[in-house]
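Chemist: When you get a sec, could you give me coordinates for this:
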Amino acid sequence: MDFVSIRIITDQIKPLMAFYETITGLSATWFTDDFAELATPSCTLAIGSTRTLALFGTDVAQPAANRSAIIEFRVSDVDAEYSRLVKIIGGFVQTPTTMPWGNRSLLLRDPDGNLVNFFTPVSAEAIRKFDRKAGAVAPADATA
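Modeler: Numbering: from 1, shown residues only. Here you go, the predicted model:
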């Protein structure tokens, strides 16, 4: 199995995708006016308009209602990202802080209120953990 994407449903697809393009420095691929993806080397952030919900049935998702998931991006230098974003983003939930599990973390909210974490592994253990993840992708039929 391969986890490939997470999708955000929104009433404001163009401003939301513009926000993610701005904070990541990546360009989105637009498939329709109602669906776009922002691909990174490890995963894809998909954003769909509420109009796409009709394809799944009614009331399966509600835009701007998330309070349980965090969208996370590993970056090479979270403090440099903060310096760049402080000029672009109004407020932050948390400025760069070293967490007990070894990541230096920066928290902000996207225009729909979703929590976004930029982080850099800084402890030896966190660095080893993410180096292992970056170096090997298990085959779909591998057993643990």
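Chemist: Can you tell me how far the closest residue to residue 48 other than its chain neighbours is from residue 22?
Modeler: Leaving aside its sequence neighbours, residue 48 sits nearest to residue 35 (Cβ to Cβ, 6 or more residues apart in numbering; 4.9 Å). (Glycine included, C-beta is placed from N, CA and C.) Distance of residue 35 to residue 22, given as Cβ to Cβ, to the nearest Å: 19 Å.
Chemist: With residue 2 instead?
Modeler: With distances taken as Cβ to Cβ, residue 2 is found 28 Å from residue 22.
Chemist: Looking at these two, which is more packed in?
Modeler: Shown here are residue 2 and residue 22; by other Cβ atoms under 10 Å, residue 22 has more neighbours (13 against 8).
Chemist: Now do the contacts for that one.
Modeler: Residues near residue 22 by Cβ atoms under 8 Å, 6 or more residues apart in numbering: residue 88.
Chemist: How about the one 5 residues further on?
Modeler: Each residue near residue 27 by Cβ under 8 Å, 6+ apart is listed here: 21, 38.
Chemist: Over to it. Which of the three states is it?
Modeler: coil (DSSP: H, G, I helix; E, B strand; the rest coil).
Chemist: the strands in the protein, which residues?
Modeler: 5-10, 29-32, 35-39, 44-49, 70-74, 94-98, 103-109, 115-121 (DSSP state E).
Chemist: would you list the ones you listed in JSON lines and tack on mean neighbour count, distance to residue 60 and mean pLDDT?
Modeler: Shown next, in JSON lines, are the strands of the chain (neighbours: other Cβ atoms under 10 Å; distance: least, Cβ to Cβ, whole Å; pLDDT from 0 to 100):
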{"stretch": "strand 5-10", "mean neighbour count": "17", "distance to residue 60": "9", "mean pLDDT": "94"}
{"stretch": "strand 29-32", "mean neighbour count": "12", "distance to residue 60": "19", "mean pLDDT": "98"}
{"stretch": "strand 35-39", "mean neighbour count": "18", "distance to residue 60": "15", "mean pLDDT": "97"}
{"stretch": "strand 44-49", "mean neighbour count": "20", "distance to residue 60": "11", "mean pLDDT": "96"}
{"stretch": "strand 70-74", "mean neighbour count": "16", "distance to residue 60": "19", "mean pLDDT": "96"}
{"stretch": "strand 94-98", "mean neighbour count": "14", "distance to residue 60": "31", "mean pLDDT": "98"}
{"stretch": "strand 103-109", "mean neighbour count": "20", "distance to residue 60": "23", "mean pLDDT": "97"}
{"stretch": "strand 115-121", "mean neighbour count": "21", "distance to residue 60": "21", "mean pLDDT": "97"}
